[in-house]
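Give me coordinates for this.
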Amino acid sequence: MGKQACFMGTAGWGIPTRYRQDFPEPGSHLERYSRHFPIVEIDTSFYKPHRRETYERWARSVPEHFRFAVKMPKAITHERRLAGCDDLLDSFLQEVEGLGAKLSMLLVQLPPSLSFEPDVASGFFDMAGKRTQTRLTCEPRHPSWFEAEAGALLADRRVARVAADPAPVPAAASPGGWPGLAYFRWHGAPRVYYSDYDAESLARFSGQMAAAAASGAEVWGIFDNTAGGHALGNALKVETMIPQALLPSPLVGEGGSVRQRRDG
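The predicted structure follows:
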């Protein structure tokens, strides 16, 4: 994936009934989803491990251009809180690397109670960097992670800081850390995971993505408001708002077919 492009997707690939016409059969939900969107975020890995064979099957079912982001397990981020988790990371990487070249990103979402401690943060990201070449993006939620020292530590290790909505502090609404990647996660507001976004919010998100791409970053936008089934519709709408030149076009799917941009 190259820079100065906006890649749109959702957390998971479920297709609510009201959107099935946008993702026609045949095929599994993932196969149908991947014929339209170029990326997806796997967040079920946060709660439970998946076998390497499962990741391999998912990789086989999508086009060559398609890429995955995978959320790190809560055992690493929330239970051991980034410390002393070498063994857990090794197990996770052995599983997720079943995606092969289609693994593009690992998401490190931190608990709101986890403050920035330079020694712990540097120890974890240095350890991770020795074990995988896969890019890392971090979604911290404690205010201390949005100070200059934390941003510099992430940037130095080429770790992007997620731009989130709702933002726990104002700075969290904008990307940070390594400037080569801008990773947006929209969780739903006012009710996290459930609320639909209005047109004004969606227009603001598309503008943020376009601005980040214009700065030279590769841009990922992930809607995580899946509990009420709104993520897919929001992603479809924002995709139509992003300037055509910033979308990954053409996208060549399996069999050499070119996926055209959806309008309307």
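
give me the low-pLDDT residue ranges for this protein?
1-4, 249-264 (pLDDT under 70).

just the strands in it please.
Secondary structure of the chain by DSSP state E: the strands cover 5-10, 39-42, 67-71, 103-109, 135-139, 159-161, 163-165, 176-177, 181-186, 218-223, 251-252, 258-259.

Helices of the stretch 151-264 of the chain, start to end?
Secondary structure of the stretch 151-264 of the chain (DSSP state H, counting those that start in this stretch): helices at 199-214, 231-241.

residues of the first one that come out buried?
The one in question is helix 199-214. Across helix 199-214, burial judged by 16 or more other CB atoms under 10 Å covers 201-202, 204-206, 208-210, 212-213. For every residue, glycine as well, the C-beta is placed using N, CA and C.

cool, and stretch 48-66?
By 16+ other CB under 10 Å, the buried positions in stretch 48-66 come out as 49-50, 55, 58-59, 62-63, 65-66.

Next, work out how far apart residue 61 and residue 169 are.
39 Å (CB to CB, to the nearest Å).

Ok, residue 231 next?
To residue 169, residue 231 is 24 Å away according to CB to CB.

The two: which has the busier surroundings?
Neighbours per residue, other CB atoms under 10 Å: of residue 231 and residue 169, the larger number sits with residue 231, 27 against 14.

Leaving out chain neighbours, which residue sits closest to that one?
Distance criterion CB to CB, 6 or more residues apart in numbering; nearest residue to residue 231, sequence neighbours excluded, is residue 223 at 3.8 Å.

got a list of what that neighbour touches?
With contact taken as CB atoms under 8 Å, 6 or more residues apart in numbering, residue 223 is in contact with 9-11, 186, 230-232, 234-235, 238.

In a markdown table: the strands of the chain, plus distance to residue 152.
Supplementary listing: the strands of the chain in a markdown table, determined by distance: least, CB to CB, whole Å:
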| stretch | distance to residue 152 |
| --- | --- |
| strand 5-10 | 26 |
| strand 39-42 | 26 |
| strand 67-71 | 24 |
| strand 103-109 | 17 |
| strand 135-139 | 13 |
| strand 159-161 | 11 |
| strand 163-165 | 18 |
| strand 176-177 | 9 |
| strand 181-186 | 16 |
| strand 218-223 | 21 |
| strand 251-252 | 36 |
| strand 258-259 | 39 |
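
I'd like to know which of these is closest to residue 115.
Nearest to residue 115, of all the strands of the chain, is strand 135-139, at 13.8 Å by CB to CB.

Residue 109 contacts residue 77, correct?
Yes. Using CB atoms under 8 Å, residue 109 is in contact with residue 77, at 6.2 Å.

Between those two, tell me which one has more neighbours.
Neighbours were counted for residue 109 and for residue 77 using other CB under 10 Å; residue 77 has more, 23 against 19.

Now do the contacts for that one.
Residue 77 makes contacts with 108-111, 114, as judged by CB under 8 Å, 6+ apart.
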